[in-house]
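In: Give me a model of this one.
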Amino acid sequence: MAPPASFAGARLLLRRLLSTATEAVVEAAAPPVQAAMAKGSKGKGGRPLYRQLSALGKPGEGSVSRVMNKWVREGGTVRVDDLVKYVKDLRKYKRHAHALERQAGSRLDTQLKLMDWMVNARGMNMSHTNHAIRLDLIHKVRGIQAAENYFDGLPDSAKNHRTYGALLNCYCSTKMEEKATDLYLKMDQLGISSSTLPINNLMTLYMKLGQHRKVDSLFEEMKVKNVKPDSLTCCILMTSYAASNKVDAIEGLLKEMAEKDVTLQWSAYSTLASIYVNAGLFEKAEYALKKLEKRVVDYDERQPFDFLMSLYASAGNLSEVNRIWGVMKAKFNKVTNTSYLGMLQALYKLNDLDRLKQVFEEWESSYESYDMRLTNMMIRAHLKSSKAEEAELLSEKAKENGAEFDSKTCELFLDHYIGKGDMISALNWVENMTKLPMKTGKLDQDRIHKFQKYFEEHKDADGAERFCNCLRALGCIDGKAYESLLRTYLAAGKTNRSLRQQIKDDNIEICYDIGKLLKRMGDK
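Out: Reported below is the predicted structural model:
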């Protein structure tokens, strides 16, 4: 029997099919709209409305209502179908808070979002299919309770297979098994469960919960109900088989799909290739990748090509990685930061540092917006090759380009220096963590313990004090940290009369162990 897929590989497959399941709900709910028409409409200023909406950036950095009202004042046309298309695109790029209104608490600028603007500002009637989209958005922005309230408030005529399906997807994505099962049974009673989408969603839930027998049972239910599976069904089943160490059963499944005349999309072949790579079946993986590539010859999105590069790298095939990179660059007018990152990650897997440098320098000479993820990837490669000096220079160069290191940068250097036993250099990067916006850096207990052990063993009271200052700034100072600091002072034969007050200022109880250490240090 073939070896099972690795945990990391299985997790990647599951994350991909979960994303696909959610996208399927949106596609089923929204009417088709010509993308060129939706994005091409221009107002007097000549700038397409969608570009103005997508340029708003993160929540809090812009107001949908201002853009929309200004558009209307300047004579721009507003078509419901176009707005629905914009909502779908904003959702696709994870800008949930822009696609829906959310009151921003103490913020003075209330963020009216697009679908609420459609209803509240312009009095547009929501179609039943668009209710499903709005319900899904409410769940993502406001939570499951708000989504349930929205569903309960819908007129009976709007409670159809689309809105029920959207609510089912909400329950499945939040792993609410009991509610999902109950809703599915109700849909069954109403005669609206016998379609592929709700069954796929429930199968995905059971995949998340590791209940693979229930996945198989639902597939049998599809056969009994004469519901035709689709490409996503196949993805879910293949992933379930891999997680259950039944890779050999996949070929039988593919044969069954062919007999049912199921057209497999590129994502199915990507899933298949990932499973074979993780199982060490590289010839089968490359066969699946060739099938994938045939599916995307005329595909106008970059994502499948990113997957091709990643999977060929996992299969150890550098020549195919370079070939796909060439195909992508020839196919698209410009290569995005995300695709450059994908190529760097592929080359990192293959330990090709020279080629990685070449591609990174190509990106440096042509990027439109600086992306710290790419620099972090190059830093990771340098650190892996024990070239810490080159990695440090890259972080400095990023600053010169107007970028700032992020939590990932700090963690890369931190773990590298800890691994080398260079705790002072590691401490410098902990201090860098404290300078990040909102203190986004992470220090787990294992890292904290390594620092404390080092300072105690080396009797470095100054280093221990610096480290405690970092813990305070990161919001993770506690009694254990002070116990370690006191032990370090005692080992170094030093005293610090202000420590008792400092402990009190940090609202930490002076417990028996801390009090005992303070007395030993001469602090009565």
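In: ok, and the helix or strand in the protein with the lowest average confidence?
Out: helix 35-40 (a mean of 36; mean pLDDT, DSSP states H and E).
In: Please could you give me each C-alpha atom of the host helix or strand of residue 170, formatted as PDB?
Out: Element membership for residue 170 (DSSP states H and E) is helix 161-173. Extracted in PDB, the C-alpha atoms of helix 161-173 (Å, rounded to 0.1, in the frame of the first residue of the first chain):
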ATOM      1  CA  HIS A 161     -32.300  26.200  -2.000                       C
ATOM      2  CA  ARG A 162     -29.800  29.000  -2.400                       C
ATOM      3  CA  THR A 163     -30.300  30.700   0.900                       C
ATOM      4  CA  TYR A 164     -30.600  27.400   2.800                       C
ATOM      5  CA  GLY A 165     -27.400  26.300   1.000                       C
ATOM      6  CA  ALA A 166     -25.600  29.500   2.000                       C
ATOM      7  CA  LEU A 167     -26.600  29.000   5.700                       C
ATOM      8  CA  LEU A 168     -25.500  25.400   5.500                       C
ATOM      9  CA  ASN A 169     -22.100  26.500   4.100                       C
ATOM     10  CA  CYS A 170     -21.800  28.900   7.100                       C
ATOM     11  CA  TYR A 171     -22.300  26.000   9.600                       C
ATOM     12  CA  CYS A 172     -19.900  23.800   7.700                       C
ATOM     13  CA  SER A 173     -17.200  26.400   7.500                       C
END
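In: same question for it, mean pLDDT?
Out: For helix 161-173, mean pLDDT is 94.
In: just stretch 415-428 next, same as before
Out: In the prediction, stretch 415-428 has an average pLDDT of 96.
In: Ends of it, what's the gap?
Out: Terminal residues of stretch 415-428 lie 12 Å apart, using C-alpha to C-alpha, to the nearest Å.
In: name the helices or strands packed onto the very next helix or strand once past the helix holding residue 170?
Out: Counting by DSSP H and E, the next helix or strand C-terminal to helix 161-173 is helix 177-190. In terms of contacts (3 or more C-beta pairs under 8 Å, 6 or more residues apart in numbering; DSSP states H and E), helix 177-190 is packed against helix 161-173, helix 196-208. The C-beta positions use only the backbone N, C-alpha and C, and glycine is treated the same way.
In: which SS state does residue 403 fall under?
Out: Counting by DSSP: H, G, I helix; E, B strand; the rest coil, the backbone at residue 403 sits in coil.
In: Not including adjacent chain positions, what is the nearest residue to it?
Out: residue 370 (4.6 Å; C-beta to C-beta, 6 or more residues apart in numbering).
In: show me what contacts residue 177?
Out: Residues counted as contacts of residue 177 (C-beta atoms under 8 Å, 6 or more residues apart in numbering) are 205, 209.
In: so where's the stretch 101-250 of the chain uncertain?
Out: Within the stretch 101-250 of the chain, the ranges that satisfy pLDDT under 70 run 101-129.
In: What is the end-to-end distance of stretch 327-343?
Out: Start-to-end, stretch 327-343 (C-alpha to C-alpha) is 13 Å.
In: any idea whether residue 347 is helix, strand or coil?
Out: Secondary structure state of residue 347, per three-state DSSP, is helix.
In: and the next element down the chain from the helix or strand where residue 253 lies?
Out: Using DSSP H and E, residue 253 maps to helix 250-259. Next helix or strand after helix 250-259 toward the C-terminus (DSSP H and E): helix 266-278.
In: before we move on, the earlier item: and the angle for the helix holding residue 170 with helix 177-190?
Out: Between helix 161-173 and helix 177-190, the angle comes out at 160 degrees (axes from the mean of the first three to the mean of the last three C-alpha atoms, to 10 degrees).
In: that older thread, I'd like the helices and strands packed on helix 177-190 laid out as TSV, including distance to residue 504 and mean neighbour count.
Out: What follows is those, written out as TSV (distance: least, C-beta to C-beta, whole Å; neighbours: other C-beta atoms under 10 Å):
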stretch	distance to residue 504	mean neighbour count
helix 161-173	46	25
helix 196-208	46	24
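In: How about stretch 187-196, which residues are buried there?
Out: 187, 192-196 (16 or more other C-beta atoms under 10 Å).
In: For residue 240, state which of these is nearest.
Out: residue 196 (16.2 Å; C-beta to C-beta).
In: Roughly how far does residue 379 sit from residue 481?
Out: 29 Å (C-beta to C-beta, to the nearest Å).
In: Neighbour count: the two, which is higher?
Out: Counted by other C-beta atoms under 10 Å, residue 379 and residue 481 do not tie: residue 379 has more neighbours, with 26 against 22.
In: what about the residue nearest to that one when sequence neighbours are not counted, how many residues close to it?
Out: Leaving aside its chain neighbours, residue 379 sits nearest to residue 391 (4.5 Å; criterion: C-beta to C-beta, 6+ apart). Residue 391 has 23 neighbouring residues, counting by other C-beta under 10 Å.
In: and residue 391, that's in a helix?
Out: Yes - assigned with three-state DSSP, residue 391 falls within a helix.
In: Looking at it now. What's its pLDDT?
Out: Note for residue 391: predicted pLDDT of 96.
In: From residue 403, how far out is it?
Out: For residue 391, the distance to residue 403 equals 15 Å [C-beta to C-beta].
In: go on, residue 303?
Out: Residue 303 is 25 Å from residue 403, by C-beta to C-beta.
In: Low-confidence stretches in the stretch 351-500 of the chain?
Out: Scanning the stretch 351-500 of the chain with the threshold set as pLDDT under 70 gives 438-441.
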